[in-house]
Each structure stands twice: as structure tokens, then as C-alpha cells.
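In: test case, fold it:
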Amino acid sequence: MKELFQPLAGQVALVEYVEGSRSCLTGLVLPGAEHHVTIDLGAAGPLRGPSEDVVVSVFAADALYRLEATAMATDLDGVIVLDPIRSTERVQRRTTPRVPIRVGMVISTHDGPGMVTIAARSLDIGPGGMRVETLRALPEGQPVVALTLPDGTELLAQAQILDADGDEEGYEYRLAFADLSPDAEKALISLVEQYPKSRH
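Out: Numbers count the residues shown, from 1 in each chain. Next up is the predicted model:
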């Protein structure tokens, strides 16, 4: 049965090319027609061509949705329309719990021609993502997380910011992993499974 899903205006969308590039574009869903999805790529755009086959990940409250579609450029710079949407996959979020482990890390984000790197610390972590705290706000863009897990596994993954909160005292972000390696995913699952035993 085909999954029916219509992203809401303001939701974050991660756009990945199906072929020829490992780069990702991040945008916001715009209000649009009932059967079309319009995304503003902003500074991440424009699309590399007039039309491209893409996979678009939209982080909704209940799950991650992945849409296979053709992205079409529009007359508005950086704005694309998904037409047609060939398939939609619903990926249940939080299939495994997160555990409250504090691990130091660095989060890097492209900022114009350079890269900004900010120190952070996890509040909880699991195979799907983590909550982190920082003293500085993360710049706009898709963050890359680098840390070493307690078992020594090196984790380097792109992430998506799902939620952010902060003031002059510091910032807290909820992140979802976008491209975990099999080894990193296995290490995180093991970490979650073993955590209660290690506390006794």
C-alpha cells in the first residue's frame, strides 16, 4: 500500500541527488498545491540542473519520511517542486531508545567558503540521533558530528537539526543522524542495549 504523506509548510527537508553527487541540500517546505511539494533551498540552492532525480527526507513529528521524486527548478531562485513523487517510505523514529551518556564531540558546519567547528557535549544518544548542548549557536547549514563512543568507535556522520533551544547560558539541539555507517550504527545499538546492565 502506498504511503500517503503531505509535508507541512515550515518542515525541514533534506534533498539528496540519486546519482552523481554525495552532497546534500537542506531546505524548508513551502505552502503549495495539494499534490505538489515545494521546497525553498535558500542558500543551499540552486538545484544543479533544471530537473534531477532526488530522495527527499522530511523529519515529521511521528516519523522520517523519504520521498523518491523528480525535483524541478522554478522561476524563483533556489525554489524547487517535486513532481512527480514516485514513492514515499515511512521510517519509524526512535525504534531504539536513547541513553543519557555525556560524550564530548565537535560539530562542523560549512559557513560560506569555510568551515565552522564548535565543541559540544551529548545529553543522550542512540542509533537515530542525539541531544547535544553547546556554548555557541550552530551556524545555519547541515552539521557534521564527530565523536568517539565509549567503546572506541569513531563516529562521523551528517546530521539534521530537528529542534533547537537556547539563550545566553547555552544552546541545546536535537539531532537526527543522516548517514550512519554500518559499524557506527552497530556500535550505537550495542551501547543502548548494554547501558542498563552497565549501571548496576
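
In: check which helix or strand covers the spatially most central residue of the chain.
Out: The centroid of the chain falls nearest to Gln160 when counting by Cα atoms, centre = their mean (2.3 Å). Assigned by DSSP states H and E, Gln160 falls within strand 154-167.

In: can you give me the mean pLDDT across that strand?
Out: The pLDDT scores in strand 154-167 average 84.

In: what is the subsequent helix or strand relative to that strand?
Out: Next helix or strand after strand 154-167 toward the C-terminus (DSSP H and E): strand 170-177.

In: okay, and Glu52 sits in which element?
Out: Assigned by DSSP H and E, Glu52 belongs to strand 51-59.

In: which strands or helices does whichever helix or strand comes after that strand pack on?
Out: Sequence order places strand 63-73 as the next helix or strand after strand 51-59, per DSSP H and E. Secondary-structure packing of strand 63-73 (3 or more Cβ pairs under 8 Å, 6 or more residues apart in numbering; DSSP states H and E): strand 37-40, strand 51-59, strand 79-92. The way it works is simple: take the backbone N, C-alpha and C, and place the C-beta from them, glycine included.

In: okay, now the nearest residue to Val99 once chain neighbours are set aside: neighbour count?
Out: Leaving aside its sequence neighbours, Val99 sits nearest to Tyr195 (Cβ to Cβ, 6 or more residues apart in numbering; 4.1 Å). By other Cβ atoms under 10 Å, 17 other residues sit near Tyr195.

In: pretty sure Tyr195 contacts Ile125?
Out: No. Contact criterion Cβ atoms under 8 Å: Tyr195 and Ile125 do not qualify, at 9.8 Å.

In: need the overlap of contacts for these two.
Out: 99, 101 (Cβ atoms under 8 Å, 6 or more residues apart in numbering).

In: contacts only, for the residue nearest to the centre of the chain.
Out: 12, 14, 26, 57, 59, 142, 175-176, 178.

In: state the distance from the closest residue to it other than its chain neighbours to Leu162.
Out: With Cβ to Cβ, 6+ apart as the criterion, Gln160 has its nearest non-adjacent residue at 4.7 Å, and that residue is Ala176. Distance, Ala176 to Leu162, using Cβ to Cβ, to the nearest Å: 5 Å.
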